[in-house]
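[1] Need coordinates for the below:
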Amino acid sequence: MRTIPGVLLISALILASVGIALAQEKDPNASGAASAGSTTGGAVSVPGPIDAQGNMQSGTDAQAGAETDAALTSIRERAKKASSKACAAVQKQLAEISRQIDAEADMKGDVLVAGRVAPEFVMSAEAMTAEKSKFDARLGELTIAHTLIANSRTAVTADQLFTLKHEGMGWGQIAHGLNLRIGELTTAVKSEYNVAAGRAKADGRAAMIHSGTNAAASTKTDVHAGPASAGAASSVGVGVKLGN
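    Presented below is the predicted three-dimensional model:
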C-alpha cells in the first residue's frame, strides 16, 4: 500500500511537465523573449536636435538644415548691400514681365505655357505647375526664380528662394544676394517670357546672367526708370531701360 503515494507523485510530475510543454507550444515566443530582449541593443539611434515643429531630427537632417541656414544667411547679408534704388527699378519691370507671363497662362493654360518654358530649366511642365501651389506663386514668379537658380553659382533651391521672397525680399535683392548682376536679371527674364509666349523656342538653357563680382567696385548703373537721367548712381545693372 505504500507504493500508491509514490505512483501518484510521479503521475503529478508527468502532468505538470505536459502542461508546461503545452503552454510553450501555444506561445512560441515565450521561451525566446528574454534572450531576444538582450540581443537588440546592437544598433543605437542617436537623436538630433528638435526642429521648429517640435520633431526630433536625425544627425544627417540636422547637418543639412544647418547648411541651408548658412547659405540663406550668406545671401541675406549680401542682399543688404544692394542699392535700394536699383532694386526698386528692377522689381517694377520684373513685376510687369511676370504679369505678362501670367496673362499668357490665363489665356492659353498653365500646362501649355509651363510646357514651353520649363525645358529651359530642365524641368517638366508637371513639375513646374506643381510648384504653383507649393510656393503659392504663379508661373511668372516661378520663371524668375528658376532663371536665378539656373545662373547662380551658389547651390540654391526654389524652396530657399521663396523663403527669402516670403520674408519680404525683392527679386533684385535676391539676385544681388546670389552675386548676380541685377540689371541682367530683367533682360534674362524677358527672354524667358518670349519662350513662355511662344515667340521663341526653348533651347534647354536659361538666359544668362553674369556674376556681379567684376562689377562690385562700380556704383554706376545703366538701369533707368523711364526717361530718368543717365548714369544715376546706384546699382550694377546692364543697359536695361524701364518703360520702353
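[2] Could you find the closest non-adjacent residue to residue 78?
    Among residues not flanking residue 78 along the chain, residue 177 sits closest, at 4.6 Å (Cβ to Cβ, 6 or more residues apart in numbering). Using the backbone N, CA and C atoms, a C-beta is placed for each residue, glycine as well.
[3] which regions of this protein sit below the pLDDT cut-off?
    For the chain, the stretches with pLDDT under 70 are 1-65, 213-244.
[4] hmm, 90 instead?
    For the chain, the stretches flagged by pLDDT under 90 are 1-71, 212-244.
[5] could you pull out the strands for it?
    Along the chain, the stretches classed as strands by DSSP state E are 47-50, 56-58, 224-225, 241-242.
[6] thinking again about what came up before, can you count the residues close to the residue nearest to residue 78?
    Residues near residue 177, counting by other Cβ atoms under 10 Å, number 26.
[7] Name all residues that make contact with it.
    Residue 177 is in contact with 74, 75, 76, 77, 78, 79, 82, 164, 169, counting by Cβ atoms under 8 Å, 6 or more residues apart in numbering.
[8] Could you export these as CSV, including distance to residue 120 and neighbour count?
    Compiled in CSV, the contacts of residue 177 are given as follows (distance: Cβ to Cβ, whole Å; neighbours: other Cβ atoms under 10 Å):
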residue, distance to residue 120, neighbour count
74, 27, 14
75, 23, 24
76, 27, 15
77, 30, 10
78, 26, 17
79, 25, 19
82, 25, 23
164, 22, 21
169, 23, 22
